[in-house]
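Trainee: The sequence and its predicted three-dimensional model are supplied below.
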Amino acid sequence: MAEDLPAPSASATATPAQLAAEYQELLREVDLEPLGFSARLNLLLDLAAILPSRLEGRVLGVLAINPDWKEADVRRWLQQDHLPPRPQLQALVRLLVARLGPGHDPQRWEAFLLYGSPLVASPLEHLLYLEDRARRDLAAQIFARLTERYEIPPSSYDADAVFQRCLQLMQQFNIYEWQDFQPGHMEPFRSMLFPADP
């Protein structure tokens with residue numbers, strides 16, 4: 001049984017002095033400023049739509065939020081991937097995310113600003129995924145209701161094709177929630193999703 005165990009790695013048997021040297025080498029390689037932070041922060045500022053654009057005085061707009069900030073620091077945040085002090089970043093993110101509406105999570109935005117993709121998925125992609133999932137769940141309910149009510153056997157249609165047509169019809173009829181699907185929609189949906197064979 002002992003031969004099944006993996007051999008200890010070199011770092012597991014290293015002396016404290018070797019570990020200290022390895023740590024110092026790794027410390028020199030660490031990039032303390034997250035690449036792309038400025039682009040992600042500007043994206044959040046664009047979405048919040050409460051400050052001027054980058055070309056129309058964004059730096060001054062951000063300075064108006066906190067007069068204690070220095071212009072040079074704000075420029076580094078917006079243009080050079082420098083991070084603000086963590087408490088100030090958290091307060092700024094909460095301020096901006098509150099303008100985005102429900103469904104946006106300040107902690108998710110903060111993590112995205114700091115680490116970016118692929119470590120943290122974009123909050124926008126996350127919301128689009130949730131919205132798409134809700135649409136697909138609704139389409140599945142409509143699909144199930146139609147097949148049950150009209151006793152349509154599964155062998156009589158291509159489920160993937162019908163499901164895609166259902167999603168398209170939902171968009172055409174502006175159906176985004178279950179209450180949008182009215183009794184009068186049953187027959188048009190049936191005839192378009194399950195057309196009679198010629």
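Mentor: Noted; the coordinates are in hand. Quick caveat: nothing in here was measured; it's all calculated off a predicted structure.
Trainee: lowest average confidence, helix or strand, in this protein?
Mentor: None of the helices or strands of the chain scores lower by mean pLDDT, DSSP states H and E than helix 123-149, at a mean of 79.
Trainee: packing partners for it?
Mentor: helix 106-115, helix 159-172, helix 186-193 (3 or more Cβ pairs under 8 Å, 6 or more residues apart in numbering; DSSP states H and E). Backbone N, C-alpha and C define where each C-beta goes, glycine included.
Trainee: Can you list the helices and strands that the shortest one packs against?
Mentor: The elements that helix 186-193 packs onto, with contact taken as 3+ Cβ pairs under 8 Å, 6+ apart, are helix 123-149, helix 159-172.
Trainee: Tell me which of those helices lies nearest to residue 93.
Mentor: Of all the helices and strands packed on helix 186-193, helix 123-149 sits nearest to residue 93, with 10.7 Å by Cβ to Cβ.
Trainee: In that closest one, which residues are buried?
Mentor: The neighbour-count criterion (16 or more other Cβ atoms under 10 Å) identifies 123, 126-127, 135, 138-139, 142-143, 146-147 as the buried residues of helix 123-149.
Trainee: ok and it relative to helix 186-193, angle-wise?
Mentor: In terms of direction (axes from the mean of the first three to the mean of the last three Cα atoms, to 10 degrees), helix 123-149 departs from helix 186-193 by 100 degrees.
Trainee: need the helices and strands packed on helix 123-149 in a markdown table with distance to residue 66, mean pLDDT and mean neighbour count, can you?
Mentor: A markdown table is the format used below for those (distance: least, Cβ to Cβ, whole Å; pLDDT from 0 to 100; neighbours: other Cβ atoms under 10 Å):
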| stretch | distance to residue 66 | mean pLDDT | mean neighbour count |
| --- | --- | --- | --- |
| helix 106-115 | 17 | 92 | 18 |
| helix 159-172 | 43 | 83 | 14 |
| helix 186-193 | 54 | 88 | 15 |
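Trainee: Would you format those helices as CSV with distance to residue 100 included?
Mentor: As requested, the helices and strands packed on helix 123-149 are exported to CSV (distance: least, Cβ to Cβ, whole Å):
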stretch, distance to residue 100
helix 106-115, 8
helix 159-172, 24
helix 186-193, 34
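Trainee: right, and those helices - which one's nearest residue 79?
Mentor: helix 106-115 (14.8 Å).
Trainee: before we move on, the earlier item: next, give me the two most distant ones among the buried residues of helix 123-149.
Mentor: Taking Cβ to Cβ, no two of the buried residues of helix 123-149 sit farther apart than 123 and 147, at 36.3 Å.
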